[in-house]
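1. Got a predicted model here, sequence first, then my questions.
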Amino acid sequence: IQATASSLILFSSILNAWHTGTWDITQLTTKLATITLTIALTMKLGLAPMHFWLPEVMQGTTLSSALIIATWQKLPPMSLLLMTKHLPTPILLTLAIISTLIGGWSGLNQVHMRKILAFSSIAHLGWTMAILILSQKIALLSLMIYILMTTALFLILISHTTKTFKDMSQLWIKSPALSASCMFILMALGGLPPLIGFLPKWLILKELTNYHLIPLAASMAITSLLSLMFYMRLTYITTLTISPNTTNSMMKWRFK
């Protein structure tokens, strides 16, 4: 996937140079070259519907590698999107609403933390794509807050080698302080006020409404409830449940 996306980026640059004579990839003026570059960068970001590689790759790697894929690896393609002029607005908005829907819906039936955070990444980047054309400052704020919260959550998972729901339910026994911190991070990722994760979503909805994109704003607000549902499910498992402990020892009973 990454090799295909890189090839498409080179193809868009060559296509633009053929038509305009310039190799500046951030100043594409050919429509086909702009669309090709946008699709290539969204493939690298793991946006829907080019997202199928992201959950499987994150699940197959270590927690540390998954952290890099979910955070640091997003910066280069996002930087190119922020610098590129004449991006196709309809395509970006369509990818945004599809990503928020698929990211929230697909995360509902997952039990592995790395896959859940992969779908969380897809949903959050959908919000960033929705505002990228209208306000780059809000898009950058949304990306930075997502990276900070995701990094903090991954560090908690790495510290106790937490990979599944069962591991999450034992976190309170191992470290109540980290369990409480995990609860606030999960609720912030879900966008609950007054936590910091609510701020970018509120600003994005406000900006979309100002540009009279009310149907898009309403659709994204509704699809965010899907993501909120699995975040609250994780919060419940982390703080309000304790996994039962089993023992292999044989109990001797004396009957009289």
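-> That came in fine, so what should we check first? Residues are numbered from 1 along each chain as shown.
2. Helix or strand for residue 196, just tell me which one.
-> In the assignment (DSSP states H and E), residue 196 maps to no helix and no strand.
3. you'd agree it is up against residue 144?
-> No - taking contacts as Cβ atoms under 8 Å, residue 196 lies outside contact range of residue 144: 10.5 Å. For every residue, glycine as well, the C-beta is placed using N, CA and C.
4. more neighbours, the two?
-> More crowded of residue 196 and residue 144, by other Cβ atoms under 10 Å: residue 196, with 15 against 11.
5. For the nearest residue to that one once chain neighbours are set aside, list the residues it contacts.
-> With Cβ to Cβ, 6 or more residues apart in numbering as the criterion, residue 196 has its nearest non-adjacent residue at 5.5 Å, and that residue is residue 188. By Cβ atoms under 8 Å, 6 or more residues apart in numbering, residue 188 lies in contact with 149, 195, 196, 197, 198.
6. can you do 10 Å?
-> The neighbours of residue 188, taking Cβ atoms under 10 Å, 6 or more residues apart in numbering as the test, are 145-146, 148-149, 152-153, 194-199, 231.
7. so, if you compare those, which one comes nearest to residue 214?
-> For those, the closest approach to residue 214 (Cβ to Cβ) belongs to residue 198, at 19.8 Å.
8. Now the closest one: closest residue in space, sequence neighbours ignored.
-> Among residues not flanking residue 198 along the chain, residue 191 sits closest, at 5.1 Å (Cβ to Cβ, 6+ apart).
9. what about that neighbour, distance to residue 229?
-> Separation of residue 191 from residue 229 (Cβ to Cβ, to the nearest Å) stands at 12 Å.
10. Comparing those two, which shows the higher neighbour count?
-> residue 191 (22 against 15).
11. these two touch, right, the more buried one and residue 223?
-> No - between residue 191 and residue 223 no contact is recorded; they are 11.5 Å apart, counting by Cβ atoms under 10 Å.
12. Mind listing the shared neighbours of these two?
-> In contact with both residue 191 and residue 223: residue 127, using Cβ under 10 Å, 6+ apart.
13. rewinding a little: over to the residue nearest to residue 198: give its phi and psi.
-> Dihedral angles of residue 191 (phi, psi; degrees, to the nearest 10) stand at phi 90, psi 20.
14. Could you pull up the contacting residues of it?
-> Residues counted as contacts of residue 191 (Cβ under 10 Å, 6+ apart) are 124, 127, 197-202, 221, 224-225, 227-228, 231.
15. Tell me the pLDDT of residue 201.
-> Predicted confidence (pLDDT) for residue 201: 95.
16. typo on my end, it should be residue 248
-> Reported pLDDT for residue 248: 51.
17. And the spatially most central residue of the chain, how far from residue 70?
-> By Cα atoms, centre = their mean, the chain has its centre lying nearest to residue 121, at 1.0 Å. Separation of residue 121 from residue 70 (Cβ to Cβ): 5 Å.
18. show me where the protein has helices.
-> For the chain, the helices defined by DSSP state H cover 2-20, 31-45, 53-60, 63-70, 75-83, 89-106, 113-132, 136-159, 165-169, 171-174, 176-190, 198-210, 214-240.
19. Surely residue 140 touches residue 132?
-> Yes - counting by Cβ under 10 Å, residue 140 does reach residue 132; the two are 9.4 Å apart.
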